[in-house]
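>>> Quick one, structure for this:
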Amino acid sequence: MTHEALQFFQTETEFFERITSISGLLYPKQSKDEKKAVIREKLIEYNKDIPESVYLPTNTNCRVVGIVTNSGAPMQSAARVPIMISFEVEDYPGPDNDPILIHGF
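Next comes the predicted model:
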């Protein structure tokens with residue numbers, strides 16, 4: 001893997017690790033409104049710094065261009081607090097055809 005490819009995929013991974021780490025800030029005993037407030041605060045923060053060419057892991061033809069900051073919702077679970085988030089996306093050729101990987105950063 002080239003240095004550019006490694007940097008590209010590390011950026012992708014780090015972005016979604018930040019998003020999923022929001023769940024770790026929540027506690028099952030918090031009220032739903034408290035959880036939503038924490039989620040919204042973090043989504044607003046992360047929405048300001050979305051790296052170029054970050055795509056949805058579940059659909060590599062959708063590039064993330066924004067986070068719907070009021071979409072964060074805590075889901076019910078006995079042990080953890082999973083969350084659901086919506087993203088603003090645009091069509092994207094996919095990581096295999098990304099100009100950054102083809103032409104470099």
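>>> what's residue 89 sitting at in phi/psi?
phi -130, psi 160 (degrees, to the nearest 10).
>>> For the chain, which segments count as helices?
Using DSSP state H, the helices of the chain run over 3-21, 32-47, 99-103.
>>> Can you lay out the ones you listed as a markdown table showing mean pLDDT and distance to residue 76?
All C-beta spots, glycine's among them, are computed from the backbone N, C-alpha and C. As requested, the helices of the chain are exported to a markdown table (pLDDT from 0 to 100; distance: least, Cβ to Cβ, whole Å):
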| stretch | mean pLDDT | distance to residue 76 |
| --- | --- | --- |
| helix 3-21 | 91 | 17 |
| helix 32-47 | 96 | 9 |
| helix 99-103 | 70 | 39 |
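>>> beta partners for the nearest residue to residue 92 once chain neighbours are set aside?
Spatially, and ignoring its direct neighbours in sequence, residue 92 is nearest to residue 63 (3.5 Å; Cβ to Cβ, 6 or more residues apart in numbering). Note on residue 63: beta-bridge partners by DSSP bridges are residue 55, residue 90.
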